[in-house]
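S.K.: Build the 3D model from these lines:
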Amino acid sequence: MAQTPPRAETSLSRAETSPPRAETSRPTTDAATSARLAKQRRVGTKPELALRRELHRRGKRFFVDRAPLPGLRRRADLVFPRWKVAVYVDGCFWHSCPQHATHPKNNAEWWAAKLAGNVARDRDTDTRLAAAGWTVVRVWEHEAADSAADLVMRALTRGL
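M.R.: Next up is the predicted model:
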């Protein structure tokens, strides 16, 4: 009977792949708020779909909602593995857009820590991907799909 060779330790633990989380526990919310937040899409938002359509129209093919690096639990909205380009369409609220960010009044301290943690995770992801030779393109949800596609196309042509 053939034995399988021992697996190489390639995956990283969550503690190794994530920036430190806020120490505050999740606040209690009313049922209406909880239901509203549960409806938030993580994948396939309108800005993502618009960018995907525009890039597809320009003849580009890509992977959707894929982790660019094995073992890193962070998924890019679009991934071009051949060119090592990862595209993130960041929501203005969740990623603290400098132009359109809003700050909830209820549980303000918890939300401030949560949103700051999201931004810190974004920067950490950018650093890790850059260290692995990837180009990261981040566009805001409020950006027009054609201008966002222009940014992606520039990143792709740089990688040729």
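S.K.: what about residue 119, how many neighbours?
M.R.: 15 (other C-beta atoms under 10 Å). Any C-beta I mention is one placed from the backbone N, CA and C, and that applies to glycine too.
S.K.: I figured it hits residue 93, correct?
M.R.: No - counting by C-beta atoms under 8 Å, residue 93 is not a contact partner of residue 119; they are 11.8 Å apart.
S.K.: What pairs with the strand or helix carrying residue 79, parallel or antiparallel?
M.R.: Residue 79 is part of strand 76-80, with elements assigned from DSSP states H and E. Strand 76-80 has its sheet partners listed here by DSSP bridges as strand 63-66 (antiparallel), strand 85-90 (antiparallel).
S.K.: TSV please, covering those strands and showing mean pLDDT and mean neighbour count.
M.R.: Converted to TSV, these look like this (pLDDT from 0 to 100; neighbours: other C-beta atoms under 10 Å):
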stretch	mean pLDDT	mean neighbour count
strand 63-66	96	14
strand 85-90	96	24
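S.K.: closest one to residue 151 among those strands?
M.R.: Smallest distance to residue 151 across those (C-beta to C-beta): 8.5 Å, for strand 85-90.
S.K.: Next SSE downstream of the closest one?
M.R.: Beyond strand 85-90 toward the C-terminal end (DSSP H and E), the next one is helix 108-131.
S.K.: quick one: that next one to strand 76-80, angle?
M.R.: Interaxial angle of helix 108-131 relative to strand 76-80 (axes from the mean of the first three to the mean of the last three C-alpha atoms, to 10 degrees): 10 degrees.
S.K.: And residue 48, how far from residue 64?
M.R.: Computed with C-beta to C-beta, to the nearest Å, the distance linking residue 48 and residue 64 is 8 Å.
S.K.: mind listing what residue 99 touches?
M.R.: 92, 140, 142 (C-beta atoms under 8 Å, 6 or more residues apart in numbering).
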